[in-house]
Every structure is written in structure tokens, then in C-alpha cells.
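> Any chance you could fold what I've pasted below:
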Amino acid sequence: QVQLVESGGGLVQPGGSLRLSCTASGIRLDNYPIGWFRQAPGKGREGVSCISTGGLSTYPADSVKGRFTISRDNAKNTVYLQMNALKPEDTAVYYCATACTIVARPDYWGQGTQVTVSS
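Got it, this is the predicted structure:
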């Protein structure tokens, strides 16, 4: 059984940091490009950042460039999203998936982790 599990979400003040983790069982994440996505209340799901299969290329959305960094640790079968300088508009449920875009129809999605940025 394949599972992607996100963790690391929580409540943080504006300007703060969080690190999200996406850990898999049943598959090797390094066989896939891995995307982080988010969905805010009342909005559609959007791509946040993506890392290539080999880990040499990353593709952050314009809204998070310079603030969020995606990385992967193949030994731990985990992909991370380091989020710095968080803003209230970053509040959303964050998901990882085995593709860089929704239109690519990822084979697998995680269940999501809530990130709330508020004072």
C-alpha cells in the first residue's frame, strides 16, 4: 500500500518559519518529481514548488521564490519544504504529490497538513 504523509504544519506568526516533510511508504520518492501544493479556504489547489527526480532542479512558484526551498533526502525517502518569512496569505492546507503539476495527474497524493500564519 502506497502512502504519502505530510507533517510539520502548524500555527506560526507572520515572519516565522516551518519545515514540512513528505514521507512515503510503498514507493521510492526518488523515482518521481515531487510537488508541493496548497489549497486555501475557498480557493483552488495551486502549485507551490517542485523538485526534479534527480533533485538538481527546483521550480518554485513566483509567490514563494526567495522564501520557500524544496529539497529531498533520498536516504530517508523524504522531500522537505522549508518555508521562511511566512505571510498570512500562505495559510492553507499543504499537500505533496508525485508530479509537478495537477494537470500531470500525480499517481499519489498525501492527506495534507494545515499551515496557519497568524498573529
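
> Relative to residue 38, how far out is residue 7?
15 Å (C-beta to C-beta, to the nearest Å). C-beta here means a position set from N, CA and C on the backbone, and glycine is covered the same way.

> Name the single longest strand found in the chain.
strand 18-25 (DSSP state E).

> What's the first helix or strand after it?
strand 34-39 (DSSP states H and E).

> returning to what we had before: compare neighbour counts for residue 7 and residue 38 and give me the winner.
residue 38 (23 against 13; other C-beta atoms under 10 Å).

> any idea how far the residue nearest the centre of the chain lies from residue 73?
Nearest to the mean C-alpha position of the chain, counting by C-alpha atoms, centre = their mean, stands residue 36 at 2.8 Å. According to C-beta to C-beta, residue 36 stands 15 Å off from residue 73.

> How about residue 110?
Taking C-beta to C-beta as the criterion, residue 110 is separated from residue 73 by 16 Å.
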